[in-house]
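S.K.: Predicted structure and sequence below. I'll ask about it afterward.
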Amino acid sequence: MSIVKRNGNLGMTNLFDDVFSRDLFNWGLDNHSRTSTNLPAVNIRENAENFLVEMAAPGMNKEDFRIELDGNNLTISSEKTQNNEQREDEYFSRREFSYQSFQRSFTLPKDVVDVEQIQAKYENGVLNLVIPKKEEAKQKPPRMIQIA
């Protein structure tokens, strides 16, 4: 006799739980921060033409980011050290360093994304990426098929 774990549905797997509990493109499942700081929040939208990624990262400059594509893995990272220069007329009784670091990695869907056309822009504290779809991966409008 063997012991079988059942989940209350008489041994049948729940197809909907299996399908809908997984993230289709593995967006954001491989993220970590090198410090104990919070990771920047990310919104990912999709339309017929593109995937649109918005990352909230206020207080940074575009030079602080590094965006790297290795195969179908897109990595957005940043390291920022705040350098507070001391003036001659100032003396610190306490000065705490500021260091921010994060890395977010996303697996892009294979054969769907046009990796040569990815664009990034940092504006008003938000890093925006436009990841275009390949022409053959774009959703086509419905068409009527004539019956011969």
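M.R.: Noted; the coordinates are in hand.
S.K.: where do the helices sit along this protein?
M.R.: For the chain, helices defined by DSSP state H occupy the ranges 15-20.
S.K.: what residues are up against Lys80?
M.R.: Residues in contact with Lys80 (CB atoms under 8 Å, 6 or more residues apart in numbering) are 60, 64, 99-101. Every C-beta, even on glycine, is put in place using the N, C-alpha and C of the backbone.
S.K.: neighbours around the closest residue to Ala137 other than its chain neighbours, how many?
M.R.: Sequence neighbours aside, Val112 is the residue nearest to Ala137 in space, at 4.3 Å (criterion: CB to CB, 6 or more residues apart in numbering). Residue neighbour count, defined by other CB atoms under 10 Å, stands at 16 for Val112.
S.K.: isn't Val112 right up against Lys134?
M.R.: Yes. Counting by CB atoms under 8 Å, Val112 touches Lys134, with 6.3 Å between them.
S.K.: who's in contact with the residue nearest to Ala137?
M.R.: Residues in contact with Val112 (CB under 8 Å, 6+ apart) are 133-134, 137.
S.K.: Which members of those are classed as buried?
M.R.: Lys133 (16 or more other CB atoms under 10 Å).
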